[in-house]
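A.B. asks: got a sequence here, can you build the structure:
(chains A and B)
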Amino acid sequence: MALRVGIDVGGTHTDAAILDEGNRIVGTSKSDTTPDVTTGIRKALMGVLDESGVDPRQIKAAMFGTTHCTNAIVERRELARTALIRVGRPGAEAIEPLVEWPLELREAIGDISYLVHGGHEYTGEEIVPQREDEIREVAKELKERKVEAAAICSIFSPVNSDHERRVAQLVEAELGPDVPITLSYEIGSIGLLERENSAVLNAAVVKVAGRAIEAFEDAMRDAGIVGASLYLSQNDGTLMSAEYARKYPIFTVASGPTNSIRGAAFLTGMSDGIVVDIGGTTTLVGVLVKGFPRESSIAVEIGGVRTNFRMPDLIASGCGGGTVVRSSDGGIKLGPQSVGYRLTQEGLAWGGDTVTTTDIALASRYAKIDDPRCDVGRLEGLEEGFLSAAVDKIVLNLEESIDKIKTDPSPMPLVLVGGGGLLIPQSRYGGIKGVSEIKRPSSYQYANAIGAAIAQVSGQIDKIYSLDSTSREKVLEAAKTSAIDRAVTAGADPSTVDIVELEEIALPYLPGNAVRVRVKAAGDLIL
Amino acid sequence: MWSLNRQDVEDLSTGAAILGTGGGGDPYLGKLMAFSVLEKGMKIEVISPEDVPDDALIIPSAAMGTPTVLIEKISKGDEVVQAFRRLEKYYGQEVFATMPLEAGGVNSVNPLTVGARCGIPIVDADGMGRAFPELQMTTFNVHGVPCSPMTLVDEKGNVVMLDAVDNNWAEKLARVVTIRFGGTAWISLYPMFGRDVKRAGIHHTLSLARDIGRAVREARASKEDPVDAVLGITGGFRLFEGKIVDVERKTVAGFARGEARLEGIDDCAGESMLIQFQNENLVAIRDGEIVCSVPDLISLLDVDTGLPITTEYLRYGFRVVVVGMPTNDKWRTPEALEVVGPRYFGYDIDYIPIEDRAKGV
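C.D. replies: Below you'll find the model as predicted:
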């Protein structure tokens, strides 16, 4: 029997879940995330193999949801010394590259940027020709300044990528093949600054991602999982191969919430509704549309940098299982402070002196935690009035987030996942505003790892077609078919493959009424 | 004369977005351009209209173009410097200062970069005191200042000078040139003298925008109500507090027209409000009764942050405070109301100043 394992490496916990061919959950386990990552993953893998009694050789695919790249950007560590080359002179000088980046992040990547001649009009015509001497000069300087990665972004490169590709050739000739180069047209769409930011962030985390992937491979080998393919989950809920992820690691930054939402959909069989993931410090609320997270329509910031990635639409609020609860003149105040993973030292029930939302849930007797260190007797001093007001506030907070994310006033079903799901009393499930019913599936704490395990595999094409001797419909049909073929080749079950993304860009500069079509198809992985 | 620092620019952008009354374009790119000149060590200096000599040449400047091109083709930055050199030859006089055309939206911030790069101040005034969708909707126009000669410049260095017979021709010709430039142009128009600024301009609007932005920031930092801060500075009114329950839009003749329905929350529970817009918010109707109309300013501010929500981002579920702010007195004359009054926008109603409407309540 071929099995798959999903692993979610979070800030506090590393979770693992094994699923069989029929998508039945064979085993789950949770362990602490460790600073060296490998140890935590190895423990989680050993744990889940132990619990389920599965032979590690039966595991044919391992899917990792990782926050390594996100954390590297947010915490400004391990980032590569990255040079940006913006192609756009004589224009493009009015806004300095990286000008709105947080200063520490800018310094963490070396703050190296150059502007060279080139770029295209929206029609695809050259604004001005490139100057090769100028580019060679820059490439030499990059070598002298010992850059570890480079990002290249030219004006209207999604319409015409010639200039980006030429700069890349000249830079690689000078720096050699070991310095990763990110071309903006491969990862972003129209909107120069956001695309440029995304390209720079991608280049800066290529090495972080490479090391993380090696750690995953080591942990798998240590756990005896050999012969399994390694995948990473992406922002859009589909999988990418480890090889692809090494080149485009930035596509992993929002995979955490995406996995939760997809996991919640899977655990309940729901395809449309609201998903609430309550963790240690935050509550994330997202929306499921046809089994996928609804995407955000406005610019998304990563680590303080504006990007134009397709990301799940999320409402985050500072209420999690470790959130500090206080009474203030007007009533109850939740957070914004949280004890996070220190809950088991600082929480009142664990003998600490901080009242957290978890303490409220325990004292109100609607939640139980199976932990010998946790003693509900310590909570007897909490007054009844305070407890019920705090529970009201927790519920109100949830209701407000739900209301903010909805686009339609009619009540919708809701799935509650994440370790902090126990904060919402079951007695209130019937009375949450804007919600028709609440489901808390049995493996709710593992929604994230399960979401990674069930993620779909995708195939993508990005190709220029001429509309001269054929119709737009036929071109789109042809593009969809080749994307589907690629998804199937990558291991997708043909009966489940669907188009998940389609973008068309007119290329008026090319003869023959040309159009660039990008299509992504995704389907369930068969092993 | 005084200088703006990075924080001032940030505050001014926030204020400009609020004065944009839902339209005017996101000041984001203009703000980044201003950050860039500051980072290069250039100075953004602002001069009061009273301090401008009567015979000094003042040329307002702005960016024009298709949104998708504006966000992709970042400009060179010194385009308008070239335009000003040409106009100086035309007038035989140096340009003394530049000025925004509108106080709301991105074009209130763009002239900051122009002034810094030319080494000239920016006059603390504009021709709208808010944002409006059309070029002739300026107090300059109402007071007889012509829009021509107008210049258009691109990043390649092309300069086109237009001397159009009227504002309609100026708009038509400018549109064609902008497309041939590659979709964007930097424009300078309504050239005038110091004495014209004094009689035809709306004064102290850059300071107003900065003060509004600063008040919002400070109120948020000290956990006070940012909406009260905005009302305190603008003399405005809290018209409604509610949740957006429906947004309907359509594009008519190049304008984004539409309406948003709100359901009351807190003190307004049980009531409803309808906001109608054409790029900018035009009228606010509470339970069937108009409570504020153009040219008075109507802005939707986020309940928690006090930050404005533009018409293109309006969505179900947003909780907003609708504020109405009195327009400048220059817009309250019969001649001015012909250009920007409710009837121009197709409403068969007389304009009643918001202060009077508020008294009636």
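
A.B. asks: got any ranges where the stretch 251-400 of chain A has weak pLDDT?
C.D. replies: In the predicted model, the stretch 251-400 of chain A carries pLDDT under 70 at residues A:297-299.

A.B. asks: which residues of it fall in helices?
C.D. replies: A:255-268, A:343-346, A:357-363, A:384-405 (DSSP state H, counting those that start in this stretch).

A.B. asks: OK, now which residue of the stretch 101-250 of chain B is nearest to chain A?
C.D. replies: Taking Cβ to the nearest Cβ as the measure, the point where the stretch 101-250 of chain B comes nearest chain A is B:Glu155, at 3.3 Å. C-beta coordinates here come from the backbone N, C-alpha and C atoms, glycine included.

A.B. asks: so that residue, which state does it fall into?
C.D. replies: Here B:Glu155 is recorded as coil under DSSP: H, G, I helix; E, B strand; the rest coil.

A.B. asks: run a quick neighbour tally on the residue lying closest to it once chain neighbours are set aside.
C.D. replies: Excluding the flanking residues, the one nearest B:Glu155 by Cβ to Cβ, 6 or more residues apart in numbering or on different chains is A:Gly91, at 3.3 Å. By the measure other Cβ atoms under 10 Å in any protein chain shown, the count of residues near A:Gly91 is 23.

A.B. asks: got the phi and psi for A:Gly91?
C.D. replies: Main-chain torsions, A:Gly91, degrees, to the nearest 10: phi -80, psi -160.

A.B. asks: surely it touches B:Lys73?
C.D. replies: Yes: checked against Cβ atoms under 8 Å, the pair A:Gly91 and B:Lys73 is within contact range at 6.1 Å.

A.B. asks: and for those two, which residues touch both?
C.D. replies: Common neighbours of A:Gly91 and B:Lys73, using Cβ atoms under 8 Å, 6 or more residues apart in numbering or on different chains, are A:119, A:155, B:155.

A.B. asks: next, format the residues you listed as CSV and append distance to A:Asp111 and pLDDT.
C.D. replies: Compiled in CSV, the shared contacts of A:Gly91 and B:Lys73 are given as follows (distance: Cβ to Cβ, whole Å; pLDDT from 0 to 100):
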residue, distance to A:Asp111, pLDDT
A:Gly119, 23, 97
A:Ile155, 22, 96
B:Glu155, 25, 90
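
A.B. asks: which of those residues has the most neighbours?
C.D. replies: A:Gly119 (30 neighbours).

A.B. asks: now do the contacts for it.
C.D. replies: Counting by Cβ under 8 Å, 6+ apart, A:Gly119 makes contact with A:87-89, A:91-92, A:126-128, A:154-156, A:163, B:73.

A.B. asks: thinking again about what came up before, and of the helices of the stretch 251-400 of chain A, who's closest to chain B?
C.D. replies: That would be helix A:384-405 among the helices of the stretch 251-400 of chain A, by Cβ to the nearest Cβ, at 5.0 Å.

A.B. asks: and that closest one, what's buried?
C.D. replies: Going by neighbour count (16 or more other Cβ atoms under 10 Å in any protein chain shown), the buried part of helix A:384-405 is A:386-387, A:389-391, A:393-395, A:397-398, A:400-405.

A.B. asks: re earlier: ok, so of the shared contacts of A:Gly91 and B:Lys73, who is nearest B:Ile244?
C.D. replies: Closest approach between the shared contacts of A:Gly91 and B:Lys73 and B:Ile244, by Cβ to Cβ: A:Ile155, at 36.3 Å.

A.B. asks: and the strands in the stretch 251-361 of chain B?
C.D. replies: B:255-264, B:272-278, B:280-286, B:289-293, B:297-302, B:319-325 (DSSP state E, counting those that start in this stretch).

A.B. asks: what mean pLDDT does the shortest one get?
C.D. replies: Spelled out, that is strand B:289-293. The average pLDDT for strand B:289-293 rounds to 95.

A.B. asks: what residues sit buried inside that strand?
C.D. replies: B:290-293.

A.B. asks: now the strands of the stretch 251-361 of chain B in a markdown table, with distance to chain A?
C.D. replies: Formatted as a markdown table, these follow (distance: least, Cβ to the nearest Cβ, whole Å):
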| stretch | distance to chain A |
| --- | --- |
| strand B:255-264 | 9 |
| strand B:272-278 | 13 |
| strand B:280-286 | 19 |
| strand B:289-293 | 24 |
| strand B:297-302 | 11 |
| strand B:319-325 | 8 |
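
A.B. asks: ok, A:Thr407 - contacts?
C.D. replies: A:287, B:315-317.

A.B. asks: looking at those residues, state which has the most neighbours.
C.D. replies: Most neighbours among the contacts of A:Thr407, by other Cβ under 10 Å: A:Val287, with 22 neighbours.

A.B. asks: and the residue lying closest to that residue once chain neighbours are set aside, how many neighbours?
C.D. replies: With Cβ to Cβ, 6+ apart as the criterion, A:Val287 has its nearest non-adjacent residue at 4.1 Å, and that residue is A:Arg294. A count of nearby residues for A:Arg294, using other Cβ under 10 Å, gives 18.

A.B. asks: and A:Val9, what does it touch?
C.D. replies: Per Cβ under 8 Å, 6+ apart, neighbours of A:Val9: A:33, A:37, A:40-41, A:64-68.

A.B. asks: bridging residues for it?
C.D. replies: A:Thr14, A:Thr66 (DSSP bridges).

A.B. asks: next, the distance between the ends of stretch A:348-361.
C.D. replies: 12 Å (Cα to Cα, to the nearest Å).

A.B. asks: in it, what's buried?
C.D. replies: For stretch A:348-361, using 16+ other Cβ under 10 Å, the buried residues are A:348-350, A:352, A:354-361.

A.B. asks: most widely separated two among the residues you listed?
C.D. replies: A:Gly352 and A:Ala361 (15.8 Å).

A.B. asks: state the pLDDT value of the residue nearest to B:Glu155.
C.D. replies: 92.

A.B. asks: now swap in A:Ala94 and tell me
C.D. replies: Note on A:Ala94: pLDDT of 92.

A.B. asks: contacts only, for the residue of the stretch 251-361 of chain B at minimum distance from chain A.
C.D. replies: Taking Cβ to the nearest Cβ, chain A has its nearest neighbour within the stretch 251-361 of chain B at B:Tyr316, 4.6 Å off. By Cβ under 8 Å, 6+ apart, the contact list for B:Tyr316 reads A:406-409, B:244-247.

A.B. asks: from those, which is closest to A:Gly419?
C.D. replies: Of those, the one sitting nearest to A:Gly419 (Cβ to Cβ) turns out to be A:Lys406, at 24.8 Å.
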